[in-house]
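give the three-dimensional model of this entry:
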Amino acid sequence: MRRAPDTTGPIRPRLPSPVQDVADPWLAHRGVALRLKRDDLIHPLVPGNKWRKLTPNLRAAVERGHTRLLTFGGAYSNHIRAVAAAGAAYGLSTVGVIRGDELAGAPRNWSLARAEAHGMELAFVTRSAYRETLRGLGEDDPGTLRALEERWGRAYVLPEGGTNVLAARGAAELVAELSDLPDLPALGPGDVVCCAVGTGGTLAGIAAGLPAGARAVGFAVLKGAEGYLEREVAALHERGWARAFANWRIEHGYHGGGYGRVPAELEAFAAEFEARHGVRLERRYVAKLLWGVYGLVERGELAPGSRVTAVITGPPDPEPGGAAGVSRGCGGA
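The predicted structure is shown next:
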């Protein structure tokens, strides 16, 4: 039987991930401290929340005797690349079901090419078929699972973005890292831990792991997801912790016009932040997160005395200008 993967395996993560203070006079004038939880530096191939969400699922797959991972994502999905890399490292074959059958005959973009280089088999399906499959998986429809197995054989199925209860529990571990920082006050009242929200797993884990008095705020990267994302997070809490948590909320005003959209105002904010603080920002998730943090401070919703920890869930695209103004795939925070 295969050994379950652990942090001593072929992928050696940088854990705990670093915490970086942001010296910003504009924030300091308003009494708000900002620090970055640099999960983007965990590993170059499986960075950020992908490592935290994948590790418990890899372990479960191996312990259950699986040799294949099957998952879903868009053409530029961070999750697809991470599954391909992690599967290759641990000797698991991988299948990525990609949204958009028109991509099958097109030249591979850098993201899909990287997944294939790690041995992932890509299957391109229509958007309607993609939605139907995800709907069936979400409803635990046995027919959907049977159809996947008939096509690709027995596989451990990871949902889009890798979000499930195990993933949320993995995300909760970053709170423990924040609580163990030497020479700094422990998390408590006045602390706000923020992250981007694509599927809700990272926010669910953070909220569940926070001590009394601390709060979590998620910033939706989807347009029109009010209510839907809240239900997803609440369902993860119910399934994973058998209780509800009242210490979190989701902001829906900083998605920039839709999934993967980067309007000029957001691009200008991100470019200025990079120039002032020397941290390159991934645009589809991370830039929207920080844009939202500054927006809440400006609106007075992060009161003086707040200590904000922004979780940098992933690195920027390797291609210059790859994200701006163009719809990209699923990262799934």
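
now the helices: where do they sit in the stretch 151-300 of the chain?
Counting by DSSP state H, counting those that start in this stretch, residue ranges of the helices within the stretch 151-300 of the chain are 165-179, 201-209, 228-241, 264-277, 286-298.

packing partners for the first one?
When you say that, I think you mean helix 165-179. When contacts are defined as 3 or more C-beta pairs under 8 Å, 6 or more residues apart in numbering; DSSP states H and E, helix 165-179 sits against strand 33-37, helix 48-63, helix 201-209, helix 228-241. (Glycine included, C-beta is placed from N, CA and C.)

now the angle from the second one to helix 201-209?
Yep, that's helix 48-63 we're talking about. In terms of direction (axes from the mean of the first three to the mean of the last three C-alpha atoms, to 10 degrees), helix 48-63 departs from helix 201-209 by 90 degrees.

mind listing what's buried along helix 48-63?
Applying a neighbour-count criterion of 16 or more other C-beta atoms under 10 Å, the buried positions in helix 48-63 are 48-59, 61-62.

where does pLDDT dip in the stretch 201-333 of the chain?
Along the stretch 201-333 of the chain, the parts satisfying pLDDT under 70 run over 319-333.

and residue 70, that's in a strand?
Yes - following the definition DSSP: H, G, I helix; E, B strand; the rest coil, residue 70 is counted among the residues of a strand.

what sits closest to it if chain neighbours are left out?
residue 155 (4.0 Å; C-beta to C-beta, 6 or more residues apart in numbering).

quick one: that neighbour and residue 39, what's the gap?
Residue 155 sits 27 Å away from residue 39 when distances are taken as C-beta to C-beta, to the nearest Å.

tally up the residues packed near residue 77, please.
Here the neighbour count serves as a burial measure; for residue 77 (other C-beta atoms under 10 Å) it reads 27.

look up phi and psi at it.
As for residue 77, its main-chain torsions (degrees, to the nearest 10) stand at phi -70, psi 120.

correct me, but the residue nearest to residue 70 touches residue 72?
No - contact criterion C-beta atoms under 8 Å: residue 155 and residue 72 do not qualify, at 12.0 Å.

burial of residue 223, as a residue count?
If you count neighbours by other C-beta under 10 Å, residue 223 ends up with 13.

now the one 3 residues further on
Using other C-beta under 10 Å, residue 226 has 11 other residues around it.

please name the nearest non-neighbouring residue to it.
When the adjacent residues along the chain are set aside, residue 226 lies closest to residue 252, with 5.2 Å between them (C-beta to C-beta, 6+ apart).

and for residue 94?
Leaving out its chain neighbours, the residue that sits closest to residue 94 by C-beta to C-beta, 6+ apart is residue 87, at 3.8 Å.

kindly report the same for residue 314.
Closest to residue 314 by C-beta to C-beta, 6+ apart is residue 48, at 4.1 Å.

ok, residue 66 touching residue 157?
No - the pair formed by residue 66 and residue 157 falls short of the contact definition of C-beta under 8 Å, at 9.5 Å.

which one's more surrounded, these two?
For the pair residue 66 and residue 157, the greater number of neighbours falls to residue 157 (21 against 18), based on other C-beta under 10 Å.

and the end-to-end length of stretch 210-226?
Chord length of stretch 210-226, first to last residue, is 23 Å (C-alpha to C-alpha, to the nearest Å).

OK, contacts around the residue nearest to residue 94?
When contacts are counted by C-beta atoms under 8 Å, 6 or more residues apart in numbering, residue 87 touches 69, 93-94, 118-120.

CA atoms of stretch 235-245 as PDB?
Listed in PDB are the C-alpha atoms of stretch 235-245, where the atom choice follows Å, rounded to 0.1, in the frame of the first residue of the first chain:
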ATOM      1  CA  ALA A 235     -22.400  24.100   4.900                       C
ATOM      2  CA  LEU A 236     -18.700  23.400   5.400                       C
ATOM      3  CA  HIS A 237     -19.000  24.500   9.000                       C
ATOM      4  CA  GLU A 238     -21.900  22.200   9.500                       C
ATOM      5  CA  ARG A 239     -20.300  19.200   7.800                       C
ATOM      6  CA  GLY A 240     -16.800  19.700   9.300                       C
ATOM      7  CA  TRP A 241     -17.500  21.100  12.800                       C
ATOM      8  CA  ALA A 242     -21.100  20.300  13.300                       C
ATOM      9  CA  ARG A 243     -21.800  23.900  14.400                       C
ATOM     10  CA  ALA A 244     -22.200  27.400  13.000                       C
ATOM     11  CA  PHE A 245     -19.800  30.200  13.500                       C
END
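
got the contact list for that stretch?
Counting by C-beta under 8 Å, 6+ apart, stretch 235-245 makes contact with 163-165, 168-169, 200-201, 204, 207-208, 234, all of which sit outside it.

mind running it again at 10 Å?
With C-beta atoms under 10 Å, 6 or more residues apart in numbering as the test, stretch 235-245 has contacts from 138, 163-169, 171-172, 199-201, 203-210, 216, 233-234, 248.
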